[in-house]
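[1] take this sequence and fold it.
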Amino acid sequence: TLYEMQGRRTIVRMISICTTLLVVTLYAGLMNGGVDHSIHEKRSDLVPDDISLTSYISRHLLEEEVTNKTKSCKNGQSSDDSDNANCINPLDHGNKTCDFVYNYCSDDAVLANYLAFVACDLPHVKALGFVLLGIWLLYLISLLATTADYFFVPPLNLLSKKLRLSPSIAGITLLAFGNGAPDVFTAFSALKNGDMPLVLGALIGASIFISTVVLGSVILFSNVTSDKIDKIDFVRDVVAYMIVVGSVIAVAFDGVVHLYEAVIFPIIYILYVATAVTISYIRNRWSSRHSSLSISPHKSIQNHNEIESASEKTPLVDGNVANIKKKNEVNERLELPGLTWPRGKNILVKIQWAVELPFSVLRWISIPPCSHDGKWSEWHRWFVVVSPVPMMVIILIAGFGWHGFKITFGHTKFRVFELCLIIGVLISVVFFFTVSSKRLHWVMQIILGGLAFIMSIVWLNIEANEVVSVLETFGLAFNIDTAILGLTVLAVGNSVGDWVADTAVARAGEPGMGVASCFGSPLLNDVLGLSIALIAKIGIYDKGKSFHICIHDKEYTKVKLSWIFLASSLVLSALVFPIFKFKPPKAYGIVLIYIYVVFMVFSILDELDI
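    Below is the predicted model of the structure:
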């Protein structure tokens, strides 16, 4: 009715006003908030008469730490990211450009030194070098996605079956880790190099893209109705998502990340999983109780007797059906993801298959299959037999780069590479005599699943390292903050798959699943990515040393903007869905996409100092 339409318009206007006020408040707080280091510097020499010696010494040590941190931030770097502090305008040194790059610009890439590639190998055609690096970056992002899908998820599926996890629990635990593997390993590689702006930019940027563009596309291209959205799961995911975003802001806001703060994120994840398990348990008990009450005892006994008599007289599988099934299994086409031609797929998938084929071969011969779906053949057996030698080589390259082939034992001439070859050949011989081509024994399946899990992690780590190194090369060469690269190139690159998948699921008649994925996927990616990366960085690499963040530096301005827009989009969705009874209008999809466009414009203008 006209009255209801006017009421809805009034509600939308109120939501828009509240959202605008929220954006302004958050912007003012984030841009001017945090630790005011100048106050500490001014008061550090003032000693009150009524303070004890112990309290004064403790305060003095604390203020000295803050002052040192402030000085490092004023120098334009964090205390953990000083490797490239002197690498300023690396391509503007004339004939000494190549020497300058090698002396002052470090590179943690495994496969190549990308800045040296442009400065030394293509000194007269640098533009061509950056075009090639851009293509290589897209290629690496594609490899990250397919490595996770084809090789990392299968052993997780196998583990899920062995543990007999329910689909919902497996989806928010093992499979969530598999789907978020590109983000997790990219965050781990970037944070290992001390590049916190890139980590926050990539994770929060991907979250903004999914919660605005992807969610907006799902609303626009499908019919989202209340009967297709699980309201309890929606509230659970949105509330948990807000808690995660708030925790990220709170942890990074004071400029120091301690180990106990990094542990907050896995605790949130554990509580999230526990809540999901509890809700699932209550639902199952309620449904079973309701169904048992709705069935009469007499009818239940009669059905039970009918089932028993039928089971005594009728075989479980008809012979003709079994023969047809057996013929279909024989004639079933062998599917080796990345190797077999993707028949029936669109042209983009076929192009991706063609360009990734060399790396697909390398991954198949170094990551043993584990028969997670019950399929096994002679091809799978030979991949298992061949895999140990390439496996050892890939591990050597991941640990030491190309230099690993030259490492020797002490003063001898016996190289580590030769030992890897010997070990690999011995394992191949064992596999040749123990692995059958007809059926994979469950013990060997578990062993191969563990090896596949480890090797897929090694591959993901190599690819993530290269992605981070290429992005940092662009940042150093063009004096671009890595935060803007994370918010744009890396975030969108890692989220295109979510966009395609969620939109396709929604158009196929499951908009509720698409909406749930828009909140659940980035939630788990942020929690897992930050928790694993921060705990590994502080607990392993820095041996418990706190991680300093120059939160007032210019490069973090875009990160703060991303916090504002992400929080605003979440609050807006949390209000719009319940108000419209979980049937959001198409116009709201346009509003979400508009929010992302405004966010990108703000980020680019900030990068250009406009």
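[2] show me where this protein has strands.
    Taking DSSP state E to define them, one finds strands in the chain at 256-257, 547-548.
[3] nearest to residue 362, of the ones you listed?
    With distances scored as CB to CB, the stretch of these nearest to residue 362 is strand 547-548 (34.7 Å). For every residue, glycine as well, the C-beta is placed using N, CA and C.
[4] for the closest one, packing partners?
    Applying 3 or more CB pairs under 8 Å, 6 or more residues apart in numbering; DSSP states H and E, we find strand 547-548 packed against helix 53-74, strand 256-257.
[5] give me the mean pLDDT for the longest one.
    When the per-residue pLDDT values of helix 53-74 are averaged, the result is 45.
[6] which stretch among the strands of the chain comes nearest residue 274?
    Judging the strands of the chain by CB to CB, what sits closest to residue 274 is strand 256-257, at 25.1 Å.
[7] can you list the strands that that closest one pairs with?
    Partner strands for strand 256-257, per DSSP bridges, with pairing direction: strand 547-548 (antiparallel).
[8] ok, back up a step: and among the strands of the chain, the most buried is which?
    For the strands of the chain, the largest average neighbour count (mean count of other CB atoms under 10 Å) is found in strand 547-548, namely a mean of 23.
[9] quick one: it to chain centroid distance?
    Strand 547-548 has its C-alpha centroid displaced from the chain centroid by 22 Å (CA atoms, centre = their mean, to the nearest Å).
[10] can you check stretch 370-385 too?
    Relative to the centre of its chain, stretch 370-385 is centred 28 Å away, using CA atoms, centre = their mean.
[11] show me the shaky parts of the stretch 1-150 of the chain.
    Filtered on pLDDT under 70, the stretch 1-150 of the chain yields the residue ranges 1-85, 107-110.
[12] rerun that using 80 as the cut-off
    Judged by pLDDT under 80, the stretch 1-150 of the chain has its weakly predicted residues at 1-88, 106-110.
[13] for residue 551, which non-adjacent residue is spatially closest?
    Taking CB to CB, 6 or more residues apart in numbering as the measure, residue 551 lies nearest to residue 255, with 4.6 Å between them; neighbours along the chain are not counted.
[14] what about that neighbour, neighbour count?
    Residues lying near residue 255 (other CB atoms under 10 Å) number 22.
[15] and the strands of the chain, which one is worst for confidence?
    With a mean of 77, strand 547-548 has the lowest mean pLDDT of the strands of the chain.
[16] how far away is the spatially most central residue of the chain from residue 565?
    For the chain, residue 183 is the residue whose C-alpha lies nearest the centre (CA atoms, centre = their mean; 2.3 Å). With distances taken as CB to CB, to the nearest Å, residue 183 is found 19 Å from residue 565.
[17] residue 212 now?
    Here the distance between residue 212 and residue 565 works out to 8 Å (CB to CB).
[18] and those two? Which one has more around it.
    For the pair residue 212 and residue 565, the greater number of neighbours falls to residue 212 (28 against 25), based on other CB under 10 Å.
[19] wait, that one touches residue 589, no?
    No - here residue 212 lies out of contact with residue 589, judged by CB atoms under 8 Å, at a distance of 9.6 Å.
[20] list the buried ones in stretch 241-248?
    Neighbour-count burial for stretch 241-248, counted by 16 or more other CB atoms under 10 Å, picks out 241, 242, 244, 245, 247, 248.
[21] same check, this time on stretch 449-463
    Within stretch 449-463, the residues that qualify as buried by neighbour count (16+ other CB under 10 Å) are 449, 451-453, 455-463.
[22] over to stretch 575-587?
    When burial is assessed from 16+ other CB under 10 Å, stretch 575-587 yields the following buried residues: 575, 576, 577, 580, 582, 584.
[23] and for stretch 542-551?
    Neighbour-count burial for stretch 542-551, counted by 16+ other CB under 10 Å, picks out 546, 547, 548, 549, 550, 551.
[24] again, but for stretch 416-429
    Residues of stretch 416-429 classed as buried under the neighbour-count rule (16+ other CB under 10 Å) are 416, 417, 420, 421, 424, 427, 428.
[25] gap between the last one and residue 274?
    In other words, residue 428. Relative to residue 274, and taking CB to CB, residue 428 is found at 44 Å.
[26] can you tell me which helix in this protein is longest?
    Secondary structure assigned by DSSP state H gives helix 442-478 as the longest helix of the chain.
[27] can you give me how far that one is from the chain middle?
    The chain centre lies 12 Å from the centre of helix 442-478; the measure is CA atoms, centre = their mean.
[28] any idea of the mean pLDDT in it?
    When pLDDT is averaged along helix 442-478, the result is 87.
[29] for stretch 275-290, same thing?
    81.
[30] stretch 183-194 now?
    74.
[31] and it, how far out from the chain's middle?
    10 Å.
[32] and of the strands of the chain, who's closest to residue 119?
    When the strands of the chain are compared by CB to CB, strand 547-548 sits nearest residue 119, at 30.4 Å.
[33] out of the buried residues of stretch 449-463, which comes closest to residue 127?
    Nearest to residue 127 among the buried residues of stretch 449-463: residue 463, at 25.6 Å, using CB to CB.
[34] quick one: that closest one and residue 140 touch, right?
    Yes - the criterion here is CB under 8 Å, and residue 463 meets it with residue 140 at 5.5 Å.
[35] give the contact list for residue 425.
    Residues touching residue 425, when contacts are defined by CB atoms under 8 Å, 6 or more residues apart in numbering, comprise 388, 389.
[36] same thing but 7 Å
    Contacts were defined as CB atoms under 7 Å, 6 or more residues apart in numbering; by that measure residue 425 touches residue 389.
[37] how near is it to residue 365?
    Relative to residue 365, and taking CB to CB, residue 425 is found at 14 Å.
[38] what sits closest to residue 360 if chain neighbours are left out?
    The shortest distance from residue 360 to any non-neighbouring residue, by CB to CB, 6+ apart, is to residue 338 (3.4 Å).
[39] quick check, pLDDT for the closest residue to residue 251 other than its chain neighbours.
    Beyond its immediate neighbours in the sequence, the residue positioned closest to residue 251 (CB to CB, 6+ apart) is residue 261, lying 4.7 Å away. We have a pLDDT of 83 for residue 261.
[40] what about residue 261, distance to residue 267?
    As for residue 261, its distance to residue 267 is 11 Å (criterion: CB to CB).
[41] now do residue 209
    When CB to CB is applied, the distance between residue 209 and residue 267 equals 27 Å.
[42] look at the two and report which has more neighbours.
    With other CB under 10 Å as the criterion, residue 209 and residue 267 differ in neighbour count, and residue 209 comes out ahead with 25 against 12.
[43] for the residue nearest to residue 216 when sequence neighbours are not counted, list the residues it contacts.
    With sequence-adjacent residues excluded and distances taken as CB to CB, 6+ apart, residue 216 is closest to residue 592, at 3.5 Å. Residues counted as contacts of residue 592 (CB under 7 Å, 6+ apart) are 212, 215, 216, 569.
[44] rerun at 8 Å
    211, 212, 213, 215, 216, 219, 569, 572, 573 are the contacts of residue 592 under CB under 8 Å, 6+ apart.
[45] and of those, the nearest to residue 502?
    In terms of CB to CB, no member of these lies closer to residue 502 than residue 215, at 8.1 Å.
[46] isn't the closest one up against residue 516?
    No - counting by CB under 8 Å, residue 215 does not reach residue 516; the two are 10.5 Å apart.
[47] which one's more surrounded, those two?
    Comparing residue 215 with residue 516 by other CB under 10 Å, the one with more neighbours is residue 215, at 26 against 20.
[48] count residues in the vicinity of the residue lying closest to the more buried one once chain neighbours are set aside, would you?
    The shortest distance from residue 215 to any residue other than its chain neighbours is 4.2 Å, reached at residue 518 (CB to CB, 6+ apart). Neighbours of residue 518 under the rule other CB under 10 Å: 28.
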